[in-house]
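Visitor: model this:
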Amino acid sequence: MEIRGHHFLCILGFRGLGYDEKFVKNMDEIIRKLNNEHDMLIKAVDSVDNICSMCPNNVNGECTEEEYPGSVKGKDRAILKILGIEVGEVVRYKDVVDKIKENMTEEKMMNICKDCEWFNLGYCLEGIRKLKG
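Guide: Numbers count the residues shown, from 1 in each chain. Alright, predicted model coming up:
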């Protein structure tokens with residue numbers, strides 16, 4: 001499975017909201033798999049991943065929200081850098097969760113994610129608080 005950097009944080013706060021029903025169903029299925037298989041190997045990416053497969057911003061395998069300052073790709077790279085994971089590296093999901101617990105703070109998350117359309121709902125910050133709780 002491939003997961004882009006920012007989706008590691010989105011997974012923590014996901015509440016069944018998304019672009020449409022197909023996107024939400026896909027995200028739910030991926031989260032369920034990850035929660036049931038903590039040893040699942042994940043390839044960390046900074047481009048279209050398994051979650052993006054049902055996103056309306058995914059046009060022919062390319063994200064339309066990628067190449068500009070503050071872009072999705074920029075968020076991916078910033079988050080992976082904080083977690084100490086290289087783009088293309090294969091890691092166990094439970095190790096990613098441990099790295100989030102150890103290295104991600106609310107302040108870092110706010111700095112990276114503040115302009116995301118979903119961030120203002122507060123679910124992502126609640127997700128990281130619950131993880132660290």
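
Visitor: Which residues are in contact with the residue nearest to Lys73 when sequence neighbours are not counted?
Guide: Distances taken as CB to CB, 6 or more residues apart in numbering put Glu66 closest to Lys73, at 4.5 Å, once the chain neighbours are dropped. (C-beta placed from N, C-alpha, C; glycine too.) Contact partners of Glu66, counting by CB atoms under 8 Å, 6 or more residues apart in numbering, are 47, 72-73.

Visitor: rerun at 10 Å
Guide: 46-48, 57, 72-74, 76 (CB atoms under 10 Å, 6 or more residues apart in numbering).

Visitor: which stretch of helix or strand covers it?
Guide: For Glu66, there is no enclosing helix or strand under DSSP states H and E.

Visitor: now the contacts of Glu66 in CSV, with neighbour count and pLDDT?
Guide: Shown next, in CSV, are the contacts of Glu66 (neighbours: other CB atoms under 10 Å; pLDDT from 0 to 100):
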residue, neighbour count, pLDDT
Asp46, 22, 92
Ser47, 15, 89
Val48, 20, 90
Asn57, 14, 80
Val72, 24, 86
Lys73, 20, 88
Gly74, 17, 89
Asp76, 25, 94
